[in-house]
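K.L.:
Pasting the sequence and the predicted coordinates here, then a few questions.
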Amino acid sequence: MTGKNVLPQIESLIRPALTGLGVELYDMAFVREGSNWYLRVFIDKRDGVTIDDCEAVSRAVEKILDENDPIEQSYILEVSSPGIDRPLKKDSDYEKYKGSAVDLKLYKPVGGHKDYSGKLAGLADGNIIIADDSGNEISFPKSDVALCRLAVTFH
């Protein structure tokens, strides 16, 4: 199997091991870049991901995938945190990070702009809602949003 088709199988194989290691599977990608395939596993945990977490997950995932061999071609395994500017993908992410500063990019301009920033007010009826600096709420259909990620702010 190639590409996204293999991800559900990999997820079902590795999720119990990740839970046992005290981390959550945040996201996965299986992509070809140049002549190489990459399996990227993004993990998260409440107190933040350490290099030791990444190493433990990498060893566990490598062992599981070697034993079960769900991927036909050779690939490079990468395990990391989704980062402080993590993209919000699952509906549960919009609840988890409600009140956080976000940057939003649209596929097509709305009101002359494709980029918006504000505090995440939530996800309702398929719409991502953010509040601007004045507290005005702006709603965008999730299908029109190319990317919504946590904003990196420096104080």
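P.N.:
Looks like it came in fine.

K.L.:
Ramachandran angles for residue 83?
P.N.:
phi 90, psi 170 (degrees, to the nearest 10).

K.L.:
ditto for the one 5 residues further on
P.N.:
Note on residue 88: backbone dihedrals following degrees, to the nearest 10 are phi -90, psi 120.

K.L.:
Check residue 19 too.
P.N.:
Torsion angles, degrees, to the nearest 10, at residue 19: phi -60, psi -40.

K.L.:
what's around it, how many residues?
P.N.:
For residue 19, the tally of surrounding residues (other C-beta atoms under 10 Å) stands at 11. Backbone N, C-alpha and C define where each C-beta goes, glycine included.

K.L.:
what's the single longest strand in the protein?
P.N.:
If you go by DSSP state E, the chain has its longest strand at strand 113-124.

K.L.:
Check which residues of that strand are buried.
P.N.:
By neighbour count on 16 or more other C-beta atoms under 10 Å, the buried set for strand 113-124 is 116, 118, 119, 120, 121, 123.

K.L.:
Based on its surroundings, how many neighbours for the closest residue in space to the fifth one that isn't next to it in sequence?
P.N.:
Counting by C-beta to C-beta, 6 or more residues apart in numbering, residue 121 lies nearest to residue 129, which is 4.1 Å off, once chain neighbours are set aside. Neighbour count for residue 129, taken as other C-beta under 10 Å: 18.

K.L.:
which element is the most centrally placed residue in the chain on?
P.N.:
For the chain, residue 27 is the residue whose C-alpha lies nearest the centre (C-alpha atoms, centre = their mean; 4.6 Å). If you go by DSSP states H and E, residue 27 is part of strand 24-33.

K.L.:
A strand includes the residue nearest to residue 121, no?
P.N.:
Yes: when DSSP: H, G, I helix; E, B strand; the rest coil is applied, residue 129 is found to be in a strand.

K.L.:
Mind listing the residues bridging to it?
P.N.:
Note on residue 129: beta-bridge partners by DSSP bridges are residue 122, residue 139.

K.L.:
okay, the buried residues of strand 113-124 in a markdown table with distance to residue 31 next?
P.N.:
Below are the buried residues of strand 113-124 laid out as a markdown table (distance: C-beta to C-beta, whole Å):
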| residue | distance to residue 31 |
| --- | --- |
| 116 | 27 |
| 118 | 30 |
| 119 | 32 |
| 120 | 27 |
| 121 | 32 |
| 123 | 26 |
